[in-house]
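Trainee: Please find the sequence and the predicted model below.
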Amino acid sequence: MSEFPAYLQHCQQRINEVLSRQFANEHPGLERLHAAMLYSVTIGGKRIRPMLVYASCEALGAPAEQADMAAAAVELIHAYSLIHDDLPAMDDDDLRRGQPTCHKAFDEATAILAGDGLQARAFELLSGAGQWQAETRLRMVQILARAAGPAGMVGGQAIDLAAVGHKLDLTALEDMHRHKTGALIVASVQLGALASERANAELLAALGEYAGCVGLAFQVQDDILDVRSDTSVLGKRQGADIARDKPTYPALLGLDEAQQLAKRLRDQAIQALSKFDHRADRLRQLADYIVERSF
């Protein structure tokens, strides 16, 4: 793990450079919209989803650059979701990554349109990437669309909003987060594997199992950090879930059991990679990182 922080930094720098090339404003009069889109993508972030894209591609023996457009597409979908989640009609947050949320830095209408623009741009990048076969591009678009839509992230957010003030059992809470958070993480791993154009059904199934465990572990750890971290470290309001009376893993299980659950999911994720050689070590290290992170 000693070299892993350098790998994280390398991936972050790579995806930031790729993303920065996607925002040339060719339309006079749209400067404010483009500024809001660029702001929301470049104000920071761990870039875990692009890292999973790159690591999955590398686990199958392909170079990281082969997955650039897939990594960018996933991050654009993630950035759009954060803009919309922060809106007053949703989670009503005024701080994201230590900076004012998009609707605070600009205005609500611009924030909504910026999110819409980022979502559309994500699919434009995937469908127009010439380094993959047409069949691969189509499959990628289908996977990302499903993960981002009612069967995935959007559906999970709807369940989350409906659950405010209600008690969920463990099965219902897991179902919500497999949609809201897990679906896009699973898609990240799948897109990285497809970007390599070396994936078969058996390897994709193993990566899907890995990603499902990692996605749920990510959310469990997020819930834990909402309790035990602070705003200056998180970059968003600490205790926001508690304040909104949202169902969380610590609230349901207690903090200690939630921490144990995150570690069990991490172990299951790593076990799912048993068919892979050392080239999947970055995925194994990312599973550790996700449950050990402090923000």
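Mentor: Yes, it's here.

Trainee: in this structure, which spans are strands?
Mentor: Here the chain has its strands, by DSSP state E, at 95-96, 99-100.

Trainee: which of those strands sits most buried?
Mentor: strand 95-96 (a mean of 20; mean count of other CB atoms under 10 Å). The C-beta positions use only the backbone N, C-alpha and C, and glycine is treated the same way.

Trainee: That strand pairs with which strands?
Mentor: strand 99-100 (antiparallel) (DSSP bridges).

Trainee: what comes into contact with the partner strand?
Mentor: For strand 99-100, contacts defined as CB atoms under 8 Å, 6 or more residues apart in numbering pick out 43-44, 94, 105, 235.

Trainee: ok, residue 62 touching residue 199?
Mentor: No: contact between residue 62 and residue 199 fails when scored by CB atoms under 8 Å: they sit 9.6 Å apart.

Trainee: so residue 198 makes contact with residue 58?
Mentor: No: the criterion here is CB under 8 Å, and residue 198 misses it with residue 58 at 10.9 Å.

Trainee: These two: which is more packed in?
Mentor: A count of neighbours by other CB atoms under 10 Å puts residue 58 above the other of residue 198 and residue 58, at 21 against 14.

Trainee: Hmm, the more buried one is touching residue 281, no?
Mentor: No: when contacts are counted by CB under 8 Å, residue 58 is not listed as touching residue 281 (9.4 Å).

Trainee: Quick one: neighbours of the spatially closest residue to residue 38 that is not a sequence neighbour, just the number.
Mentor: Counting by CB to CB, 6 or more residues apart in numbering, the nearest residue to residue 38 once its immediate chain neighbours are dropped is residue 23, at 4.8 Å. Neighbour count for residue 23, taken as other CB under 10 Å: 15.

Trainee: Would you mind measuring from residue 23 to residue 17?
Mentor: When distance is defined by CB to CB, to the nearest Å, residue 23 is 12 Å away from residue 17.

Trainee: Could you do residue 289 as well?
Mentor: 22 Å.

Trainee: Between those two, tell me which one has more neighbours.
Mentor: Neighbour count, other CB under 10 Å: between residue 289 and residue 17, residue 289 has more, with 20 against 10.

Trainee: residues making contact with stretch 9-29?
Mentor: Counting by CB under 8 Å, 6+ apart, 31, 34, 37-38, 41-42, 46-47, 50-51, 54, 64, 68-69, 71-72, 75-76, 121, 125 sit against stretch 9-29.

Trainee: Sitting in helices, which of those do you find?
Mentor: Counting by DSSP state H, these place 31, 34, 37-38, 41-42, 50-51, 54, 68-69, 71-72, 75-76, 121, 125 in helices.

Trainee: Could you turn the buried ones of those into a ChimeraX selection?
Mentor: Buried residues among the ones in helices among the contacts of stretch 9-29 (16 or more other CB atoms under 10 Å), as a ChimeraX selection:
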select :34,37,38,41,50,51,54,68,69,71,72,75,76,121,125
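
Trainee: re the thing from before, quick one: closest of the strands of the chain to residue 225.
Mentor: Closest approach to residue 225 among these (CB to CB): strand 95-96, 14.6 Å.

Trainee: what's the average pLDDT for that closest one?
Mentor: The pLDDT scores in strand 95-96 average 91.

Trainee: for stretch 264-278, same thing?
Mentor: The model assigns stretch 264-278 a mean pLDDT of 97.

Trainee: so how far is residue 280 from the residue positioned nearest the centre of the chain?
Mentor: Geometric centre of the chain, nearest residue: residue 49, 4.5 Å, by CA atoms, centre = their mean. In this view, residue 49 and residue 280 are 17 Å apart by CB to CB.
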